[in-house]
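Enquirer: Sharing a sequence plus its predicted fold:
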2 protein chains.
Amino acid sequence: MFESAELGHRLSRADYAAIEPELRTALLEAQFRLLESKAFATVILINGIDGAGRGETVNLLHEWMDPRHMQVHAFDNPSEEERERPFMWRFWRALPPRGKIGVLFGNWYSEPLGDRAQGRIKKARLDQHLSEFNRFEAMLAAEGVLLVKFWFHLSRAGQKKRLKALEANPDTRWRVRDSDWLVYKEYERYREVAEHVLRRTSTGLAPWIIVDGSDPQFRAVKVGRTLLDGLQRKLDALEKGFRTRQTAPPLAPPVDQRNLLNALVLRQPMEKKDYDKQLERLQGRLALAVRSDAFAARSLVLVFEGMDAAGKGGAIRRVTQALDTRQYHVVPIAAPSDEERAQPYLWRFWRRVPRDGKVAIFDRSWYGRVLVERVEGFCSEADWMRAYAEINDFEDQLVSAGAVVVKFWLSVSPEEQLKRFHDREAEAFKRYKITEEDWRNREKWPLYEPAVCDMIDRTSTENAGWTLVEADNKYFARVKILSTLVERLEAALGH
Amino acid sequence: MFESAELGHRLSRADYAAIEPELRTALLEAQFRLLESKAFATVILINGIDGAGRGETVNLLHEWMDPRHMQVHAFDNPSEEERERPFMWRFWRALPPRGKIGVLFGNWYSEPLGDRAQGRIKKARLDQHLSEFNRFEAMLAAEGVLLVKFWFHLSRAGQKKRLKALEANPDTRWRVRDSDWLVYKEYERYREVAEHVLRRTSTGLAPWIIVDGSDPQFRAVKVGRTLLDGLQRKLDALEKGFRTRQTAPPLAPPVDQRNLLNALVLRQPMEKKDYDKQLERLQGRLALAVRSDAFAARSLVLVFEGMDAAGKGGAIRRVTQALDTRQYHVVPIAAPSDEERAQPYLWRFWRRVPRDGKVAIFDRSWYGRVLVERVEGFCSEADWMRAYAEINDFEDQLVSAGAVVVKFWLSVSPEEQLKRFHDREAEAFKRYKITEEDWRNREKWPLYEPAVCDMIDRTSTENAGWTLVEADNKYFARVKILSTLVERLEAALGH
């Protein structure tokens, strides 16, 4: 969930100064449209890592919007009177009426998250809470509430840096409490629990928006734009007379130009000689792993996604060279057949789930739902928005059944892609591999890029993370893929 | 959940013979409409108590419908190959394509239900499963699948009778396995777990339909009509061009004339003298209970619903007479105010949740959502369909926080109601109590009756069951209310 938020997003003070007045005016306008229409209530959840700028953001929202129509509720430990009522009672009462905005700084997520991170409750109990929250939020959405859930994130290094900086300044030293350092010490544990909570409660109608909290300017614009988009989209939809009261807030609109894909250095060094040596060694380890006794009680699911001509096929061949043909299936995914179209979109993948001791290699996969189907409009926004949670549930099922799930995204630069297209056209036996559609997709790349970034953020889970592969140099890409795979597999098998 | 199903529904062979041919033809027609339109897939879940006629129903469906387009999958213990795949795998693969019907006899619910009933898994683990199932079924609904979930029920006595009858007949003796008697012995435990499972997974889009399994004719018609209604409604909606692919199956259409309300004998004997004596004694016990130390850590939520002039007000006064005025609030519920209309429908009740040591008495309540709002069309079907689960969640929160929740439905006969209306009109100081609306409501009673029965079935839970009060005789009604209340309260306080 935190991939994009750990890229180190930045926005200069100058850029901020240029953006802020307009954003502020637009937010205020949206607030008044909401107030006049009384069309729905807006609930903003503020959660996240200590020191990632939650309080500052609340103050900023207070400054930007008209505070008469936006109420901030800060929740810490419940009072005695609150403890004598249902857990949700104080939050129920803090909900804003239609036309208004409520900011809940600390909310239903805070206590169970802390309790789990500090080991006071078990995972099953946490999950009971999360399922209650999902049902509650589904009810709010059905009642027309716009729910915008912000998670302010800092990398471990970022958190340390920020706490140190606050301590170093006599004016801000008071803001660092002992508990902040405690949380820092338990950062990994807290991050892991947060990742689970965010994943389980990111639904199509109420997705979490992860905000990189390290840069104040970036953070402010990200929050402001997300909120603005959410308000405008829902107001527009209602004005156009759409009966659907359930409009999801948008996934985060971009602020700076930095994203997971363009942060990659796509051409990585690797000589043929080095490649040959490493390939042989890695294929040997892979062959051993999948022939081991331990693997007889596990299975392996490989997902290859990537741009056209990024080298998926070649990489897959380097994997299968190490496998027994009876042990694996390569499943190439193209447009669904009529039989497949008559079923839920996951059905054609359900059929190909490997049994113990087997390997299934998907050359493109269920991620088509949030890539090509999203970009080409083959399904509605509501459909691909709910797909993230559905895909995570599907992969959870695989992992629970003992499958090792390894997912690769292969990226090539536009130049390298062009070169490979031309090479393919020139070589007779490869000509079938390049079609009109490839050229069309290439032009649509700007639309694919945000879809890929959202996919990686929203489906990189504890157990089934994405590996981004810099693929301009095929040798490097194949070695990275094989070594990632071998390491994940050996770790899972306890080698 | 099982209230209506334990009434002892019956349908004579003659009635069945008159109904069956038409129902069968209609089902076959609906099946072919589905097949031709290829509009959606239909999944029928068959679950329930052993001996309640699940197998017979599956056979009957097979006989009624065209088996080329309806596939039955019977799931028992998973095979070795199935165990090596995700838990859901074998069910995923059994889903029918669009245009077809799949009957899943035994399904994702079976194993967790049995595991919990036999103490192999904890409640929190069961709840994890149930939340997975809810997410999975929501996905199916979003993918357009019509999901009809049947639970075949037998009362404990009904189950025993049936097992004995099977054993007594040499032709059917083989059908009774030892495990059946084991399940019978653990009936209460199994019923309790089933109630929890059904409640937690009865959603607006995929509600459970509880079928009284004791009478073969009744059972068959109930299943047939529910399925027919579900198919027709969804086919009609799609033909009319509604974009909404998510249509819930109907709550069970009536088969016989018997229901929870008309099964009541409304005039019960109770003399004034006896009433006075019992009232005094019960009020004394109530006064003691609410003044006890144990009650200082609990609270009490009373819900009074009932027909107009059923005597809610009088009964409430007999309760409050035993209470300290500082300790209770009577909350009369009329049409919502503008302030309340600007919030989710539960908000005005959230505000009135009592703290520890206090009593809140609701004279009408949140059940307005599934009564007057349903009948008068103040909210959409989707809204009141989802309300059952939302209300159960709300009451769960109350109970988890230590509240004792006691709910009364007061029923009077049309004759007694008419008499009370006329009495009110005659007495000057009571005239304000009778309005045009009361007369209108009286005429609408036939519409209210099924709404009340659905409400009782779908919101009578382990912790917050409904008590039906026969109220033609006010003395009897008040004593029943007070004694139920006192017993529930004393039990909760450990007296």
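Expert: That came through fine. Source: prediction; values computed, not measured.
Enquirer: When you work out contacts or count neighbours from here on, use the C-alpha atoms and nothing else.
Expert: Will do.
Enquirer: By proximity to chain B, which residue of the stretch 351-495 of chain A wins?
Expert: Using Cα to the nearest Cα, the single residue of the stretch 351-495 of chain A nearest to chain B is residue A:401, 4.8 Å away.
Enquirer: That residue: neighbour count?
Expert: Residues lying near residue A:401 (other Cα atoms under 10 Å in any protein chain shown) number 21.
Enquirer: Give me the nearest residue to residue A:152, chain neighbours excluded.
Expert: residue A:48 (4.4 Å; Cα to Cα, 6 or more residues apart in numbering or on different chains).
Enquirer: Now do the phi/psi pair for that neighbour.
Expert: Note on residue A:48: backbone dihedrals following degrees, to the nearest 10 are phi 140, psi -170.
Enquirer: Could you measure from it over to residue B:410?
Expert: As judged by Cα to Cα, to the nearest Å, residue A:48 and residue B:410 stand 49 Å apart.
Enquirer: The stretch 151-300 of chain A against chain B: which residues are in contact?
Expert: Residues of the stretch 151-300 of chain A lying close to chain B by Cα under 8 Å from any Cα of the partner chain are residue A:297.
Enquirer: Kindly indicate whether residue A:136 is helix, strand or coil.
Expert: Judged by DSSP: H, G, I helix; E, B strand; the rest coil, the three-state class of residue A:136 is helix.
Enquirer: Quick one: residues contacting it.
Expert: Contact analysis of residue A:136 by Cα atoms under 8 Å, 6 or more residues apart in numbering or on different chains lists residue B:390.
Enquirer: rewinding a little: the residue nearest to residue A:152: neighbour count?
Expert: Residue A:48 has 23 neighbours, counted by other Cα under 10 Å.
Enquirer: these two touch, right, it and residue A:153?
Expert: Yes - with contacts counted by Cα atoms under 8 Å, residue A:48 reaches residue A:153, the gap being 5.8 Å.
Enquirer: ok, back up a step: measure the residue nearest to residue A:152 to residue A:288 for me?
Expert: Residue A:48 sits 43 Å away from residue A:288, going by Cα to Cα.
Enquirer: again, but for residue A:303
Expert: In this view, residue A:303 and residue A:288 are 21 Å apart by Cα to Cα.
Enquirer: who has more neighbours, the two?
Expert: Neighbours per residue, other Cα under 10 Å: of residue A:303 and residue A:288, the larger number sits with residue A:303, 22 against 16.
Enquirer: Helix, strand, or coil at the more buried one?
Expert: strand.
Enquirer: May I have the phi/psi pair for residue A:405?
Expert: phi -110, psi 120.
Enquirer: Relative to residue A:477, how far out is residue A:423?
Expert: 19 Å.
Enquirer: The two: which has the busier surroundings?
Expert: residue A:477 (28 against 14).
Enquirer: Run a quick check on residue A:403 versus residue A:300, I expect a contact.
Expert: Yes - look at residue A:403 against residue A:300 with Cα under 8 Å: they come within range, at 5.3 Å.
Enquirer: shouldn't residue A:217 be in contact with residue A:12?
Expert: Yes - assessed by Cα under 8 Å, residue A:217 is found in contact with residue A:12 at 7.0 Å.
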